[in-house]
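*Asks:* predicted model, plus sequence, below.
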Amino acid sequence: MYRRGLTELAVGLRAGDFSSVELTRACLDRVGRHDAALNCFITVTEAQALEAAHAADARLRAGDAGPLTGIPFAHKDIFCTKGVKTSCGSRMLDNFPAPYDATVTRRLQDAGAVMIGKTNMDEFAMGSSNETSYYGPVKNPWDLARVPGGSSGGSAAAVAARLVPAATGTDTGGSIRQPAALCGITGLKPTYGRVSRYGMIAFASSLDQGGTFTRSAGDAALLLAAMAGFDERDSTSVDRPVDDYPARLDAPLTGLRIGLPQEYFGAGLDTGVGAAIEAALAEYAKLGATLVDISLPNTRLAVPAYYVVAPAECSSNLSRFDGVRFGYRVEDPRDLTDLYTRSRGEGFGAEVKRRILIGTYALSAGYYDAYYLKAQQVRRLIRDDFLRAFEQVDVIMGPTTPSPAFRLGEKADDPVSMYLSDIYTIAANLAGLPALSIPAGFVDGLPVGLHVVGGYFTEAQLLNTGHRYQQVTDWHALIPAGYE
Amino acid sequence: MALDTRDVEKIAHLARLGIDPQDVPEYSRNLSDILAFVEQLNAVDTSGVEPLAHPLEATQRLRADIISEPNERETFQAVAPHTEAGLYLVPKVIE
């Protein structure tokens, strides 16, 4: 049962081939068997999951079921879940049962999806390897000595190892697409504002966006359909109808214009990854697409601009953790300043502290114009590159990451080298564009991701583009050894 | 722009962020590396470029000024470290 994807499971549930309780137990068994080695989960919510599965079975019997009713999923531990620990991968929130549900949590509950637990992640979503988690690193199911990527590493590894058919994630600079690529699964970051940020613990508010991890683009269409939509509780949510993602999946790709930015195929790209991407592009040409050489001239500025904007917004957002209202608080503070300083000093890990310090510096008196304002200007240049490109092409393709999964510890002491693993994904966040990563081959037994960026609100087209490729390739269907 | 250990201590104080004194030199190195990396932005001519604050250039949505949420003080204070009579407790501020 665990080998089947979300779409197929939804059909089986409706046909009565198995119940949601049986399916949920199967997932919980997989977690029990494999998670000690993988460390995907911070919290497993077995009792609640079985209760939700019973309720889903009742809905299925009553004919009141949607496509997600009875489907087990894993929820990134950044989404608030009422009464369930919501740690964000941090000691700061190790004692925090969220007092309310995120909008995404509620929407998935209403759809009848069954949450089986909360997944491990880089602390406050700051990291590209899952090594900054207070709960220890997640391992990549393709090679336990390697990272799964981050920050949504637990969600990605759980789907790749077939512990669950689907998981949620968030993406601020690549935190869905990079781990999806390194774990060999399908990851979608929607347009900024498409999925509500209400109850999704904030890192960099102008970049953060919730999205999906699934085995296929078709599965992502079903999950996104349940998550997306306007929410008046998120002031940056976009009030615009949600497209019918599943309906568009099978449209032919004849005439699709694919832009290939020269900047994404140059120095720094692993040759094996480059070869896999070339092969994927040849497949798209066979499907009737046209390949067009384009340029995004400001590409090299994306990572530096991001490492001003994201830390600045992080330092502001994380000022709420003060040891007073929720979260970690030191014993016996001497005075109020000592309460703040030591609670934050002991509650946050090293990478979070680095970013708070960089952000505080960039926003401090006398430096605001030189850093934050400058980065926001460069951000417009990067976005304008994309707007010009989308006058000529429908989607933009390239590698999701410059190399396959790296070894645990390999980049942990060198922040700048770690930041550069997001070099191809960050620009889409700065511009607010939707982007997809799909499995497109292997290098030395490690998965390679193909990155597909679209114009604003073209999620249906991205999923269609991914789905057609997955109809003629089977990279997405391969299971890591030991998890078959 | 390199940050020395005194700069790091000053920024940490601004952020009310406790840093172990023995870790300050490493933060000073890491942060200087990050700032050197970010420095590339200075080579770009951005004169006349409007800063982009929201990717879709949306402006703040407003709503009618009416009460829409119930009072959930008890729920929210249940997760607070120390409360008394509906108030959050902190160390004495005024002697």
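*Replies:* Looks like it came in fine.

*Asks:* what about A:Asp414, how many residues nearby?
*Replies:* 12 (other CB atoms under 10 Å in any protein chain shown). (Glycine included, C-beta is placed from N, CA and C.)

*Asks:* test my guess that A:Gln392 contacts A:Gly259.
*Replies:* Yes: the pair A:Gln392 / A:Gly259 is scored as a contact, 6.6 Å apart, by CB atoms under 8 Å.

*Asks:* overlap in contacts, those two.
*Replies:* Both A:Gln392 and A:Gly259 are in contact with A:292, A:294, where contact means CB atoms under 8 Å, 6 or more residues apart in numbering or on different chains.

*Asks:* ok, these two, which is more surrounded?
*Replies:* More crowded of A:Gln392 and A:Gly259, by other CB under 10 Å: A:Gly259, with 23 against 11.

*Asks:* C-terminal to the helix or strand harbouring that one, what's the next element?
*Replies:* Assigned by DSSP states H and E, A:Gly259 falls within strand A:257-261. Using DSSP H and E, the next helix or strand after strand A:257-261 towards the C-terminus is helix A:271-286.

*Asks:* tilt between that next one and strand A:257-261?
*Replies:* Relative orientation of helix A:271-286 versus strand A:257-261 (axes from the mean of the first three to the mean of the last three CA atoms, to 10 degrees): 160 degrees.

*Asks:* buried residues in helix A:271-286?
*Replies:* Neighbour counts over helix A:271-286 (16 or more other CB atoms under 10 Å in any protein chain shown) mark A:272-274, A:276-277, A:280-281, A:283-284 as buried.

*Asks:* can you tell me the SS state at the residue nearest to A:Asn429 when sequence neighbours are not counted?
*Replies:* Using CB to CB, 6 or more residues apart in numbering or on different chains and skipping the chain neighbours, the partner closest in space to A:Asn429 is A:Leu207 (4.4 Å). Under the three-state scheme (DSSP: H, G, I helix; E, B strand; the rest coil), A:Leu207 adopts coil.

*Asks:* what is the burial count for A:Arg59?
*Replies:* With other CB under 10 Å as criterion, A:Arg59 counts 15.

*Asks:* helix or strand: which one has it?
*Replies:* Element membership of A:Arg59, judged by DSSP H and E, is helix A:46-62.

*Asks:* only C-alpha atoms, please: export the next helix or strand after that helix in CSV.
*Replies:* Later in the chain than helix A:46-62, the nearest helix or strand by DSSP H and E is strand A:72-76. The C-alpha trace of strand A:72-76 is given here as CSV (Å, rounded to 0.1, in the frame of the first residue of the first chain):
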residue,chain,number,x,y,z
PRO,A,72,-2.3,10.3,5.6
PHE,A,73,0.3,13.2,5.4
ALA,A,74,3.2,14.6,7.4
HIS,A,75,3.1,18.3,8.4
LYS,A,76,6.2,20.4,8.6
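
*Asks:* run through who's touching whichever helix or strand comes after strand A:72-76.
*Replies:* Next helix or strand after strand A:72-76 toward the C-terminus (DSSP H and E): helix A:103-110. Residues from elsewhere that reach helix A:103-110 (CB under 8 Å, 6+ apart): A:52, A:68, A:73, A:75, A:79-82, A:101, A:115, A:168, A:195-196, A:198-200, A:210, A:226-227, A:229, A:231, A:233-234.

*Asks:* just the mean pLDDT for stretch B:68-85, thanks.
*Replies:* On average, the pLDDT along stretch B:68-85 is 94.

*Asks:* keeping just the C-alphas, turn that stretch into PDB.
*Replies:* What follows is stretch B:68-85, C-alpha atoms only, in PDB (Å, rounded to 0.1, in the frame of the first residue of the first chain):
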ATOM      1  CA  SER B  68     -13.900  39.800  14.700                       C
ATOM      2  CA  GLU B  69     -12.100  37.600  17.200                       C
ATOM      3  CA  PRO B  70     -13.300  36.300  20.600                       C
ATOM      4  CA  ASN B  71     -11.300  36.900  23.700                       C
ATOM      5  CA  GLU B  72      -9.000  33.900  24.200                       C
ATOM      6  CA  ARG B  73      -6.700  35.200  26.900                       C
ATOM      7  CA  GLU B  74      -6.800  32.000  28.900                       C
ATOM      8  CA  THR B  75      -5.900  29.800  25.900                       C
ATOM      9  CA  PHE B  76      -3.000  32.000  25.000                       C
ATOM     10  CA  GLN B  77      -1.700  32.400  28.500                       C
ATOM     11  CA  ALA B  78      -1.800  28.700  29.000                       C
ATOM     12  CA  VAL B  79       1.400  28.400  27.000                       C
ATOM     13  CA  ALA B  80       3.100  31.400  28.800                       C
ATOM     14  CA  PRO B  81       6.000  30.600  31.200                       C
ATOM     15  CA  HIS B  82       4.600  32.700  34.100                       C
ATOM     16  CA  THR B  83       1.300  34.400  34.500                       C
ATOM     17  CA  GLU B  84      -0.800  35.600  37.400                       C
ATOM     18  CA  ALA B  85      -4.300  37.100  37.400                       C
END
